[in-house]
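> Here is the input, now give the coordinates:
(2 chains)
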Amino acid sequence: SQTIHQWPATLVQPVGSPLSLECTVEGTSNPNLYWYRQAAGRGLQLLFYSVGIGQISSEVPQNLSASRPQDRQFILSSKKLLLSDSGFYLCAWSLLAGTDTQYFGPGTRLTVL
Amino acid sequence: AQTVTQSQPEMSVQEAETVTLSCTYDTSENNYYLFWYKQPPSRQMILVIRQEAYKQQNATENRFSVNFQKAAKSFSLKISDSQLGDTAMYFCAFMKNSDMRFGAGTRLTVKP
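Numbers count the residues shown, from 1 in each chain, chains lettered A, B, ... in the order given. Below is the predicted model of the structure:
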């Protein structure tokens, strides 16, 4: 069966510091991968998605970036965090682009102080 | 752009009773997918139910069922025999071509 991991689970970072959040999927090959952000009390906002290694699509312009160095690894990064980057970050995967259900990881709670 | 509206920020229901959560969406597309996800206090998003727009039959999953009205662009979730473990945020979502849009959520509390 497929499983999705995210780490760290929680992170507290000062403004201006770099960020690296990691997501990995097990039990499948060539998944579609997604990064979402959930602000407090809000729904999810799609940030990036990837259909393959090195292929990243950005949905929202911001100071965040994503990379997919390996088939089942998806990384969310920032060079300099802003206060507004605080939130809950969720990674998700699906098998078929456009028709398949997305399954979510446990999330990372990021607090920028 | 597609938008998803959940007009009930909070709802409560007595244990063992039935509750319906509302969701409407706006799209000009004909083929798409609709979902309900549950987010318990652990914050992990859990799939509750999925509906393909080309299917007229409403999806069901044990105690969870939907009322899908395509012409009205409505997709409500009915939870029967509510259990304490159903307490969570519930999100309605619309998907077209891997672009998934979420509503703001409904906080459901099941009372003993």
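> only C-alpha atoms for contact and neighbour calcs from this point on.
OK.
> And the residue lying closest to B:Ser65 once chain neighbours are set aside, how far from B:Tyr90?
Of all residues not flanking B:Ser65 in the chain, B:Lys78 sits nearest, at 5.2 Å (Cα to Cα, 6 or more residues apart in numbering or on different chains). Separation of B:Lys78 from B:Tyr90 (Cα to Cα, to the nearest Å) stands at 12 Å.
> which of those two has more neighbours?
Set B:Lys78 next to B:Tyr90 and count neighbours by other Cα atoms under 10 Å in any protein chain shown: B:Tyr90 wins out with 28 against 18.
> so where does that one fall, helix or strand?
strand B:88-96 (DSSP states H and E).
> quick one: contacts of that strand?
Strand B:88-96 is contacted from outside by A:43, A:98-99, B:2, B:4, B:6, B:23, B:25, B:31-41, B:100-109, using Cα atoms under 8 Å, 6 or more residues apart in numbering or on different chains.
> what do you get if the cut-off is 7 Å, keeping everything else the same?
Contact with strand B:88-96 is made by A:98, B:4, B:23, B:32-41, B:100-109, as judged by Cα atoms under 7 Å, 6 or more residues apart in numbering or on different chains.
> and if you look at stretch A:95-107?
A:4-6, A:9, A:31-32, A:88-94, B:44-45, B:96-98.
> same thing but 6 Å
The contact list for stretch A:95-107, computed with Cα atoms under 6 Å, 6 or more residues apart in numbering or on different chains, reads A:4-5, A:31, A:89-94, B:44-45, B:96-98.
> now the residues you listed: which count as buried?
Buried by 16 or more other Cα atoms under 10 Å in any protein chain shown: A:4-5, A:31, A:89-94, B:44-45, B:96, B:98, out of the contacts of stretch A:95-107.
> so of these, which ones are in strands?
A:4-5, A:89-94, B:96 (DSSP state E).
> for chain A, what are the nearby residues on chain B?
Within reach of chain A by Cα under 6 Å from any Cα of the partner chain, chain B has these residues: B:44-45, B:96-98, B:102-104.
> picking that back up, now render the buried ones among the contacts of stretch A:95-107 as CSV, adding pLDDT and distance to A:Ser57.
As requested, the buried ones among the contacts of stretch A:95-107 are exported to CSV (pLDDT from 0 to 100; distance: Cα to Cα, whole Å):
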residue, pLDDT, distance to A:Ser57
A:Ile4, 95, 20
A:His5, 95, 21
A:Pro31, 92, 15
A:Tyr89, 96, 17
A:Leu90, 96, 16
A:Cys91, 97, 14
A:Ala92, 95, 14
A:Trp93, 94, 14
A:Ser94, 92, 15
B:Gln44, 89, 24
B:Met45, 92, 22
B:Lys96, 87, 15
B:Ser98, 76, 11
